[in-house]
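Trainee: Let's see this in three dimensions:
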Amino acid sequence: LNRKKRNGEKMKNKKDMRNVACVCSDGKIRLIEEKIPDMAEGMIKIRSFASLVSPGTELGGWKNLFHRRGQADDGGRRKFGYSCAGVVEAVGEGVKRFQPGERVAAIGYGFALHSDWAVVPQNLCVALPEGVDFTEGAYGMLSATALQAVRRAQPQIGERACVVGMGLVGQLTAQLLTASGCRVIGWARNDKQVEIAKKWGIAEVISMKDCDPVKETCRFTGGRGLDMSVFAFPGKAGESWEQTVQCMKETPDGHRMGRVIVVGGSEIDLKWVPANLDVRIAARTGPGYHDDAWELGRDYPPVFLQWTTQTNLEVCMDLIRYGDVDVNCLTTHKIELFCAEKEIDRIAESEEILGLVFYSREQ
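Mentor: Model (predicted):
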């Protein structure tokens, strides 16, 4: 009887644990088991079935991620991830929008981790529409980031746009600009990015290593120049910034004009150039993200602010549902979460990788 009792307690405790992928100081990915966080007011508990690895901030070298995020815990490791999808298991006090059993997409650094369980503030979650699966829902964070960049760009039907950097955020931004009625040319860094952009139907895409992007973009615009350009990659823009300026519309007095949107951590040298460019920074997913009170449920008045992080997420899920945005063609690799330690090294450095999804099997 005592043995049965102990085994029963052990099984009960097991249900209170989760598996979390961590990046370690040696650059390796390992799984740890830890207690599921308690649910505070305004939080929901999610059984996570898919999470998206962000290439720009997470695949740019696991060891670099470790150092960029600051100090690790006592075990010399750091949890990571910020976009997942799954099923609501329980809701905290004050949560009225979600019920146990609902399918949801969730975001948030420190909350929507690469894990089989997550506890997330309610306003960082949205219901998954019928027909949108967990892998598609895991694109919430990056699709909302791209949507916020497009809102900052204020596109008009018929405008010509360039997206520099065709990683995940670049591909999503290009799709959203296309859905807004723009004609888009993508500047890609490798053949896989070119292949994927062609698959979803971009107007034009070029490999920056194989041609002169200024010449090809001039041809694309019919000599009229770009109305806007979006920088969607991390690190120094360097030569690509100078090349993009040459592609913008030119006024009779020789000045370049148009809108430049910076998303994804691109570093632009804003030394003086003969131009009247409108440079705009697009940060994160929209208003609300990192406002603790808002995340836990205190909403902004919609009459004054229609597009928050949560409403941006809702729009993205609808765009995926109706086929205006195709995220399935962006997913190049899937790894079961419990196999992350042995599988990740095999693909992490590959140029063939774009969208990597960790998944857990439904039970």
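
Trainee: Please make it C-alpha for all contacts and neighbour counts, starting now.
Mentor: OK.

Trainee: Who are the contact partners of Pro55?
Mentor: Pro55 is in contact with Gly167, Leu168, Leu354, Gly355, Leu356, counting by CA atoms under 8 Å, 6 or more residues apart in numbering.

Trainee: quick one: which of the residues you listed is nearest Gly110?
Mentor: Proximity of the contacts of Pro55 to Gly110 (CA to CA) peaks at Leu356, which lies at 19.0 Å.

Trainee: The helix or strand the closest one falls within pairs with which strands, parallel or anti?
Mentor: Using DSSP states H and E, the element containing Leu356 is strand 355-359. When pairs are called by DSSP bridges, strand 355-359 turns out to pair with strand 43-53 (antiparallel), strand 331-336 (parallel).

Trainee: With pLDDT, neighbour count and distance to Gly254 as new columns, can the contacts of Pro55 be given to me in a markdown table?
Mentor: Shown next, in a markdown table, are these (pLDDT from 0 to 100; neighbours: other CA atoms under 10 Å; distance: CA to CA, whole Å):
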| residue | pLDDT | neighbour count | distance to Gly254 |
| --- | --- | --- | --- |
| Gly167 | 93 | 26 | 33 |
| Leu168 | 95 | 24 | 35 |
| Leu354 | 91 | 24 | 39 |
| Gly355 | 93 | 20 | 41 |
| Leu356 | 92 | 22 | 44 |
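
Trainee: Give me the nearest residue to the residue nearest the centre of the chain, chain neighbours excluded.
Mentor: Nearest to the mean C-alpha position of the chain, by CA atoms, centre = their mean, lies Leu142 at 1.8 Å. Setting aside the residues directly before and after it, Leu142 is nearest to Val169 in space (CA to CA, 6 or more residues apart in numbering), at 6.0 Å.

Trainee: hang on, that neighbour packs against Gln148?
Mentor: No: in this structure Val169 lies outside contact range of Gln148 using CA atoms under 8 Å: 11.0 Å.

Trainee: out of those two, which sits in the more crowded spot?
Mentor: Val169 (27 against 23; other CA atoms under 10 Å).

Trainee: ok, and what's touching the host helix or strand of that one?
Mentor: Assigned by DSSP H and E, Val169 belongs to helix 168-179. The contact list for helix 168-179 (CA under 8 Å, 6+ apart) reads 54-55, 142-143, 145-147, 149-150, 155, 161, 163-164, 183-184, 186, 197, 202, 231-233, 264, 324-327, 330, 354-355.

Trainee: In PDB, could you pull the C-alpha coordinates for it?
Mentor: Extracted in PDB, the C-alpha atoms of helix 168-179 (Å, rounded to 0.1, in the frame of the first residue of the first chain):
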ATOM      1  CA  LEU A 168      11.200  34.500 -41.700                       C
ATOM      2  CA  VAL A 169      10.300  38.100 -40.800                       C
ATOM      3  CA  GLY A 170      11.300  39.200 -44.300                       C
ATOM      4  CA  GLN A 171       9.200  36.500 -46.000                       C
ATOM      5  CA  LEU A 172       6.200  37.300 -43.800                       C
ATOM      6  CA  THR A 173       6.600  41.100 -44.400                       C
ATOM      7  CA  ALA A 174       6.800  40.500 -48.100                       C
ATOM      8  CA  GLN A 175       3.600  38.400 -48.000                       C
ATOM      9  CA  LEU A 176       1.800  41.000 -46.000                       C
ATOM     10  CA  LEU A 177       2.900  43.800 -48.400                       C
ATOM     11  CA  THR A 178       1.700  41.700 -51.300                       C
ATOM     12  CA  ALA A 179      -1.700  41.200 -49.600                       C
END
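
Trainee: next one: that helix to chain centre, how far?
Mentor: Remark: helix 168-179 is offset 12 Å from the chain centroid, using CA atoms, centre = their mean, to the nearest Å.

Trainee: between it and strand 355-359, how big is the angle?
Mentor: Here helix 168-179 runs at an angle of 110 degrees relative to strand 355-359 (axes from the mean of the first three to the mean of the last three CA atoms, to 10 degrees).

Trainee: Okay, buried residues for helix 168-179 please.
Mentor: Within helix 168-179, the residues that count as buried by 16 or more other CA atoms under 10 Å are Leu168, Val169, Gly170, Gln171, Leu172, Thr173, Ala174, Gln175, Leu176, Leu177, Thr178.

Trainee: Out of these, the closest to Ala283 would be?
Mentor: The closest of the buried residues of helix 168-179, once distances to Ala283 are taken by CA to CA, is Val169, at 12.3 Å.

Trainee: Does Gly355 touch Thr332 like I think?
Mentor: Yes: Gly355 lies in contact with Thr332 (CA under 8 Å); the separation is 5.3 Å.

Trainee: In the stretch 151-300 of the chain, what residue spans correspond to strands?
Mentor: Assigned by DSSP state E, counting those that start in this stretch, the stretch 151-300 of the chain shows strands spanning 160-164, 183-188, 204-207, 228-231, 235-236, 249-250, 256-262, 266-267, 275-281.

Trainee: Tell me which of these approaches Pro287 most closely.
Mentor: strand 275-281 (13.6 Å).

Trainee: contact partners of that closest one?
Mentor: With contacts defined as CA under 8 Å, 6+ apart, strand 275-281 is touched by Ala149, Arg152, Ala153, His255, Arg256, Met257, Gly258, Arg259, Val260, Ile261, Val262, Val263.
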